[in-house]
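A.B. asks: Here is my input; please provide its structure:
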Amino acid sequence: MSGARVYADVNVHRPREYWDYESLTVQWGDQDDYEVVRKVGRGKYSEVFEGINVTNKERCIIKILKPVKKKKIKREIKILQNLCGGPNVVKLLDIVRDRHSKTPSLIFEYVNSIDFKVLYVTLTDYDIRYYIYELLKALDYCHSQGIMHRDVKPHNVMIDHEMRELRLIDWGLAEFYHPAKEYNVRVASRYFKGPELLVDLQDYDYSLDMWSLGCMFAGMIFRKEPFFYGHDNQDQLVKIARVLGTDELNAYLNKYHLELDPQLEALVGRPLIFLISSFGMITRTGSLLGRQWLIHTSSKSDLRRTAECARNSDTLILSYGFLF
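C.D. replies: Modelled structure (predicted):
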């Protein structure tokens with residue numbers, strides 16, 4: 001059985017009303033206070049618009065939710081309320097709904113973000129360390145509050161490069177962590193899924209988010225987005241094994257008494273490690289990539305040490321290239 005090595009008992013020691021989102025009574029605001037300006041994005045569960053608060057003329061983001069189960073909406077609201085004021089966590093300003101259709105919308109602070117595909121190729125080594133450190137602060141905070149994000153990826157990390165501000169957004173898949181509880185493995189986007197999701201290990205923990213962050217970090221420094229590009233979940237695990245080797249994967253499977261599907265086992269193959277140094281790209285931070293970032297960094301000391309390494313490393317990649 002798996003289990004978190006840090007923040008494991010946060011929700012055990014909190015009152016039930018902290019994590020029991022199904023009992024939440026939503027306090028609805030006035031939808032007439034907000035006007036849509038333009039559409040800025042869409043996802044599986046929502047459509048997102050830039051808006052304006054007509055009472056104070058301040059810009060905001062309006063997330064109009066698509067029809068989903070009420071408890072999923074309550075979970076997102078409860079988590080956002082619990083995390084309100086946390087470092088680099090997007091701020092929930094209001095909750096409104098249409099009078100006739102009853103469609104709910106979440107109102108967030110406005111972030112003047114740049115498309116990550118445009119931004120990332122312009123970032124310096126210092127910029128990358130700075131923003132990864134800011135993201136680590138957001139994740140450490142939400143984990144300390146007993147919450148897993150479960151969908152960390154570039155699309156959900158808004159960066160205002162001019163103001164050097166970062167916000168972790170889209171908490172629709174976030175969940176409260178309870179020891180020994182089994183969770184749905186159909187979370188996170190494929191390219192950022194941790195191995196536990198790909199081998200159907202349901203009692204995962206906060207380290208899921210750290211894997212996703214490591215994939216982001218690798219993509220940024222190697223300028224290869226996404227870093228692990230699998231065509232499906234099986235191929236995703238194959239891509240991971242080709243870079244990090246199968247010895248660690250086999251040890252992981254043995255530890256939790258898991259077995260790969262025979263077809264997948266054949267695809268993964270016998271132990272074979274492609275070291276980053278084979279491509280002439282090993283540096284101090286390259287070593288971090290292989291040894292710290294793309295493993296499950298889930299202890300509190302590991303998290304803070306990794307954050308400090310990201311912030312203080314004086315060298316990044318000497319030459320960029322593709323691993324596969």
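A.B. asks: can you map out the helices along the stretch 51-200 of the chain?
C.D. replies: Assigned helices in the stretch 51-200 of the chain, in chain order: 70-83, 116-119, 125-144, 195-198 (criterion: DSSP state H, counting those that start in this stretch).
A.B. asks: Beyond the helix or strand N254 falls within, next helix or strand please.
C.D. replies: Using DSSP states H and E, N254 sits within helix 247-255. Following helix 247-255 in sequence order, the next helix or strand is helix 262-268 (DSSP H and E).
A.B. asks: Show me what that next one is packed up against.
C.D. replies: Applying 3 or more CB pairs under 8 Å, 6 or more residues apart in numbering; DSSP states H and E, one finds that helix 262-268 contacts helix 233-244. In short, each C-beta sits where N, CA and C put it, glycine included.
A.B. asks: can we see that at 10 Å?
C.D. replies: The helices and strands touching helix 262-268, judged by 3 or more CB pairs under 10 Å, 6 or more residues apart in numbering; DSSP states H and E, are helix 233-244, helix 247-255.
A.B. asks: Just the buried positions in that helix, please.
C.D. replies: Of all the residues in helix 262-268, those buried under the rule 16 or more other CB atoms under 10 Å are 264, 268.
A.B. asks: returning to what we had before: ranking the helices and strands packed on helix 262-268 by burial, who's on top?
C.D. replies: helix 233-244 (a mean of 19; mean count of other CB atoms under 10 Å).
A.B. asks: Check the spacing between N53 and V96 real quick.
C.D. replies: 11 Å (CB to CB, to the nearest Å).
A.B. asks: if I look at the two, which residues touch both of them?
C.D. replies: 33-34, 62, 107 (CB atoms under 10 Å, 6 or more residues apart in numbering).
A.B. asks: Can you tell me which of those residues is nearest A4?
C.D. replies: I107 (32.3 Å; CB to CB).
A.B. asks: State the distance from D235 to D247.
C.D. replies: Distance, D235 to D247, by CB to CB: 20 Å.
A.B. asks: And for R190?
C.D. replies: 24 Å.
A.B. asks: likewise D9?
C.D. replies: Counting by CB to CB - D9 and D247 are separated by 33 Å.
A.B. asks: again, but for L260
C.D. replies: From L260 to D247 the distance is 14 Å (CB to CB).
A.B. asks: same thing with H231?
C.D. replies: Plainly put, H231 is 24 Å away from D247 if you go by CB to CB.
A.B. asks: Then G194?
C.D. replies: 18 Å.
A.B. asks: coming back round to it: grab the CA positions of the helix holding N254 and hand them over as PDB.
C.D. replies: Output in PDB follows, covering the C-alpha atoms of helix 247-255 (Å, rounded to 0.1, in the frame of the first residue of the first chain):
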ATOM      1  CA  ASP A 247      15.100  -0.800 -13.300                       C
ATOM      2  CA  GLU A 248      13.400   1.800 -11.300                       C
ATOM      3  CA  LEU A 249      10.000   1.000 -12.900                       C
ATOM      4  CA  ASN A 250      10.400  -2.700 -12.000                       C
ATOM      5  CA  ALA A 251      11.400  -1.800  -8.500                       C
ATOM      6  CA  TYR A 252       8.300   0.400  -8.200                       C
ATOM      7  CA  LEU A 253       6.000  -2.300  -9.500                       C
ATOM      8  CA  ASN A 254       7.500  -4.900  -7.200                       C
ATOM      9  CA  LYS A 255       7.200  -2.600  -4.200                       C
END
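A.B. asks: roughly how far out does it sit from the chain middle?
C.D. replies: 24 Å (CA atoms, centre = their mean, to the nearest Å).
A.B. asks: Repeat that for stretch 19-34.
C.D. replies: 25 Å.
A.B. asks: That stretch: which residues count as buried?
C.D. replies: 19, 21, 24, 31, 33-34.
A.B. asks: Need those residues in JSON lines (columns: distance to F222, pLDDT and secondary structure).
C.D. replies: Below are the buried residues of stretch 19-34 laid out as JSON lines (distance: CB to CB, whole Å; pLDDT from 0 to 100; DSSP: H, G, I helix; E, B strand; the rest coil):
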{"residue": "W19", "distance to F222": "38", "pLDDT": "99", "secondary structure": "helix"}
{"residue": "Y21", "distance to F222": "38", "pLDDT": "98", "secondary structure": "helix"}
{"residue": "L24", "distance to F222": "42", "pLDDT": "98", "secondary structure": "coil"}
{"residue": "Q31", "distance to F222": "45", "pLDDT": "97", "secondary structure": "helix"}
{"residue": "D33", "distance to F222": "45", "pLDDT": "98", "secondary structure": "helix"}
{"residue": "Y34", "distance to F222": "41", "pLDDT": "98", "secondary structure": "strand"}
